[in-house]
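Chemist: following is a predicted model, sequence given first.
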There are 2 protein chains.
Amino acid sequence: MTPAISISRRLRSTPFTKRVTENGVKSYTVYNNMLLPTVFRTLEEDYWHLCEHVQVWDVSVERQVEIDGPDAYKLIQLMTPRNLSRAKVGQCFYIPLCDEDGTIINDPIAIKHSDNIWWLSIADSDVYLWAKGLATGFGLDVKVTEPDVWPLAIQGPKAEDLIARVFGESIRDIRFFGSEILNYGGKDMLVARSGWSKQGGFEVYVNDINLGLQLWDELFKKGADLNVGPGCPNNIERIESGLMSFGNDMDYKDTPYECDLEKYVSVDADIKSLSIEALRNHKSTRKLMGLVIDHEVTLSDMNVLQNDKNIGEIRSQTWSPKYKSQLAFAMLDLAGIEGQTKVMVNTDKGPVKAKLAALPFDFNALGMPAHSK
Amino acid sequence: MTPAISISRRLRSTPFTKRVTENGVKSYTVYNNMLLPTVFRTLEEDYWHLCEHVQVWDVSVERQVEIDGPDAYKLIQLMTPRNLSRAKVGQCFYIPLCDEDGTIINDPIAIKHSDNIWWLSIADSDVYLWAKGLATGFGLDVKVTEPDVWPLAIQGPKAEDLIARVFGESIRDIRFFGSEILNYGGKDMLVARSGWSKQGGFEVYVNDINLGLQLWDELFKKGADLNVGPGCPNNIERIESGLMSFGNDMDYKDTPYECDLEKYVSVDADIKSLSIEALRNHKSTRKLMGLVIDHEVTLSDMNVLQNDKNIGEIRSQTWSPKYKSQLAFAMLDLAGIEGQTKVMVNTDKGPVKAKLAALPFDFNALGMPAHSK
């Protein structure tokens, strides 16, 4: 029996929780002390619907940490090894936040609202407290807050059509990770082409609790003929798409190099960043890799083995109905996989072979055709 | 239907999760990104068992933030307005952590291990990140870590007898909020007389993952005739006992004065604390109070009213089987309750009266006799 979730004020509900409940949410996780739906029908039904139609997701858990003041850029640059010195207003940037040891604190989307105002749309750790601590200690001229903003994601191949019906045709011109300030119900809101799937879509940064429900209802009304439905980040889709999750696939003990995020480390840039020195001197001995098992399995533990020696751990995994394979992300010792193409994992039916794959998965190169529903 | 909880690596399991599952845990909450059981049988059965016998609780979610270095006291004193300058090794202190505005960041138990090493046994927010940010910014000579420690609580009127059978008779001499380093299975562990109930008990700071299961099993074996059972912090017991929960009853927007914690603010002490100046100048306009309704109700919202005007919000509430009343903690405007003894709350059967009470509840003074099971 799967245990239930106990809901209390400490696990904040959102402006959309009423609709999420009415739509029959079956399970939740907790993310940034807030409820995040994980399943509505079944994980697999939700998956196919997301790949074929359009879904509305309550992703209020993507809390915004607002850095406001003349030292805003200075503070954010201290927190990330990615060079943001040439960032333009309205741009979104995926940035690892790293400490003095070069290990990851969070991996938010940074949004530059103006020279003095940045938002960090955070993954699951209290960036608010780290930013406050740094600002206080360094005596920076900024105010760090968590404004009342509840992102609503519209994801899936028909997302652009649906969002155009609500926000107007101009949204079609927004580029990937670009954003526009658009008016909804008399209020200006940020609308970005982004979201935690590879099926395409947008995120609306809802900043009015009452307009939230109005927007939800309008999306469902105007999207009826597009087969709009309730949804949420889907574990199958995100693993197939190679989307990593902070806390699951990477954590405080990992560096960006170990997590395939080296392109977000501006190692040669002349920036003042807490982690840049450690990352310049970093020698990786581990790497996050993909694993592919050619049939459905139930893992009995998360160990990865080579010649009976433990060489790493599986961090996320799923059955992929599209590629008829078990897919996993695993943190592996480089020495343990050198020259190898396969490793072993433990299942309830005994050890089985898993093929090593670079991330994100290149299913063509792997010779894995896509099956339909 | 109550939604299920989706478990992933991001919501860490503990050395005891296997036993918790085997004992039929019915629901979880998430606390510091870790699983915390909330119900085993029913909330009320768990409650009576806790009040009458002894329970073993997996409270691994009480993460330890270790501050290690010559500036350890300096950093902790910056974080709390409670004067810790005369703390002795082995003592435990309940301390609010507060920022420059005097508002609460967390309310841990501080444990002084030595002049250079302190632990903060934290409530539900990433004190680790705040402490790291402050240490970095102020350039303090400390290392901030989250060591692998998983507290196991033994709570209930028979807890002392049970823990004496495992750790020896000397534990009877440990005073409330005192601790001893005791050996278990060849390893030194901190054992403190503490825990999140008022039924008496101890917490063992387990620091060896394998010894954890051994200790769990030994407690169950040696406690069989004491009717030992699995348990967890119980919402009924903790509200009856006036134990407040960070995130539920107090949060980042509240000050210690508003949460009845003024005795932990050393307002006249000569200490270097980030919040002390703000707290010296603080004028409370709100206060966390108790509410008592003399029959069982289902609240339809969390508003508290006086003459149809909203004067506050309920933050936690429960039916008390012992006092045959609905009990609540509510944050109330002082102006709204001045000279009043009663307020109104909304239930599914319409508005009802609730009596105001100081916290912790003094059931004798309130003329509320204790009923037995």
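Modeler: Arrived safely, thanks for sending.
Chemist: off-centre distance for the lengthiest helix in chain A?
Modeler: Ranked by number of residues, the top helix in chain A under DSSP state H is helix A:209-222. Here the centre of helix A:209-222 is set off from its chain's centre by 24 Å, with Cα atoms, centre = their mean, to the nearest Å.
Chemist: again with stretch A:93-107
Modeler: For stretch A:93-107, the distance to the chain centre is 14 Å (Cα atoms, centre = their mean).
Chemist: state the mean pLDDT of that stretch.
Modeler: Averaged over stretch A:93-107, pLDDT sits at 97.
Chemist: which other residues reach the host helix or strand of A:Leu356?
Modeler: Taking DSSP states H and E as the criterion, A:Leu356 maps to strand A:350-357. For strand A:350-357, the surrounding residues in contact (Cβ atoms under 8 Å, 6 or more residues apart in numbering or on different chains) are A:289-295, A:297, A:304-305, A:326, A:328, A:332, A:337, A:340-345, A:366. Bear in mind the C-beta positions are built from the backbone N, C-alpha and C, glycine included.
Chemist: so which of the residues you listed are in helices?
Modeler: Of the positions in those, A:Ile337 sit in helices, assigned by DSSP H.
Chemist: now, of the contacts of strand A:350-357, which are buried?
Modeler: A:289-293, A:297, A:304-305, A:326, A:328, A:332, A:337, A:343-345 (16 or more other Cβ atoms under 10 Å in any protein chain shown).
Chemist: surely A:Thr103 and A:Tyr257 touch.
Modeler: No - distance between A:Thr103 and A:Tyr257: 10.6 Å, which falls outside the contact criterion (Cβ atoms under 8 Å).
Chemist: pretty sure A:His49 sits in a helix.
Modeler: Yes - according to DSSP: H, G, I helix; E, B strand; the rest coil, A:His49 belongs to a helix.
Chemist: quick one: it from chain B, how far?
Modeler: A:His49 sits 18 Å away from chain B, going by Cβ to the nearest Cβ, to the nearest Å.
Chemist: what's the pLDDT at that residue?
Modeler: Reported pLDDT for A:His49: 98.
Chemist: repeat for A:Asp188
Modeler: What the model reports as pLDDT for A:Asp188 is 96.
Chemist: now A:Leu332. Nearest residue, chain neighbours left out?
Modeler: In space, A:Leu332 comes closest to A:Gly312 once its chain neighbours are excluded; the distance is 3.7 Å by Cβ to Cβ, 6 or more residues apart in numbering or on different chains.
Chemist: helix, strand, or coil at the residue of chain A found nearest chain B?
Modeler: Residue nearest to chain B within chain A: A:Gly137 (1.6 Å; Cβ to the nearest Cβ). For A:Gly137, the assignment made with three-state DSSP gives helix.
Chemist: what's around it, how many residues?
Modeler: 20 (other Cβ atoms under 10 Å in any protein chain shown).
Chemist: let's see the pLDDT reported for it.
Modeler: Per-residue pLDDT puts A:Gly137 at 98.
Chemist: touching, it and B:Trp130? I think so.
Modeler: No - counting by Cβ under 8 Å, A:Gly137 stays clear of B:Trp130, with 10.2 Å between them.
Chemist: near chain B, which residues of the stretch 101-250 of chain A?
Modeler: Within the stretch 101-250 of chain A, the positions near chain B by Cβ under 8 Å from any Cβ of the partner chain are A:105, A:124-127, A:129-139, A:146, A:235, A:245-248.
Chemist: of the residues you listed, which belong to strands?
Modeler: Among these, the ones falling in strands (DSSP state E) are A:Ile105.
Chemist: please indicate which of the residues of the stretch 101-250 of chain A next to chain B are buried?
Modeler: Those of these that meet the buried threshold are A:105, A:124-127, A:129-138, A:235, A:245-248, by 16+ other Cβ under 10 Å.
Chemist: got the buried residues for whichever strand or helix holds A:Glu180?
Modeler: Assessed by DSSP H and E, A:Glu180 sits inside strand A:179-184. Neighbour counts over strand A:179-184 (16+ other Cβ under 10 Å) mark A:179-180, A:182, A:184 as buried.
Chemist: of all those residues, which two lie farthest apart?
Modeler: By the measure Cβ to Cβ, A:Ser179 and A:Tyr184 form the most distant pair in the buried residues of strand A:179-184, at 14.0 Å.
Chemist: re the thing from before, angle of the strand holding A:Glu180 against helix A:209-222?
Modeler: Orientation of strand A:179-184 against helix A:209-222 (axes from the mean of the first three to the mean of the last three Cα atoms, to 10 degrees) gives an angle of 90 degrees.
Chemist: not counting its own residues, what contacts the helix or strand just after strand A:179-184?
Modeler: For strand A:179-184, the following helix or strand on the C-terminal side (DSSP H and E) is strand A:187-192. Residues outside strand A:187-192 that contact it (Cβ under 8 Å, 6+ apart): A:92, A:111, A:113, A:163, A:167, A:171, A:174, A:177-183, A:202-208, A:211.
Chemist: now with 6 Å, please.
Modeler: Residues from elsewhere that reach strand A:187-192, judged by Cβ atoms under 6 Å, 6 or more residues apart in numbering or on different chains: A:92, A:167, A:179-182, A:202-205, A:207-208, A:211.
Chemist: which one among these gets closest to A:Thr318?
Modeler: Distances from A:Thr318 to the contacts of strand A:187-192, taken by Cβ to Cβ, are shortest for A:Glu203, at 23.3 Å.
Chemist: so the closest one touches A:Ser197, yeah?
Modeler: No - the pair A:Glu203 / A:Ser197 is not scored as a contact, 10.9 Å apart, by Cβ atoms under 6 Å.
Chemist: okay, the two: which has more neighbours?
Modeler: Taking neighbours as other Cβ under 10 Å, A:Glu203 and A:Ser197 compare with A:Glu203 leading, 25 against 22.
Chemist: related to what we said a few turns ago, residue contacts, the residue nearest to A:Leu332?
Modeler: Contacts of A:Gly312 (Cβ under 6 Å, 6+ apart): A:304, A:330-333.
Chemist: could you redo those as JSON lines and give each row pLDDT?
Modeler: JSON lines is the format used below for these (pLDDT from 0 to 100):
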{"residue": "A:Val304", "pLDDT": "98"}
{"residue": "A:Ala330", "pLDDT": "98"}
{"residue": "A:Met331", "pLDDT": "98"}
{"residue": "A:Leu332", "pLDDT": "98"}
{"residue": "A:Asp333", "pLDDT": "98"}
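Chemist: distance to B:Tyr264 for those residues - can I get that in a markdown table?
Modeler: Output for the contacts of A:Gly312, formatted as a markdown table (distance: Cβ to Cβ, whole Å):
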| residue | distance to B:Tyr264 |
| --- | --- |
| A:Val304 | 48 |
| A:Ala330 | 46 |
| A:Met331 | 42 |
| A:Leu332 | 48 |
| A:Asp333 | 47 |
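Chemist: and those residues, which two are the farthest apart?
Modeler: A:Ala330 and A:Asp333 (10.4 Å).
Chemist: more crowded one of those two?
Modeler: Shown here are A:Ala330 and A:Asp333; by other Cβ under 10 Å, A:Ala330 has more neighbours (25 against 16).
Chemist: before we move on, what SS does that one have?
Modeler: Of the three states, A:Ala330 takes strand under three-state DSSP.
Chemist: hey, what's it bridged with?
Modeler: Listed by DSSP bridges, the beta-bridge partners for A:Ala330 are A:Met289, A:Ile314.
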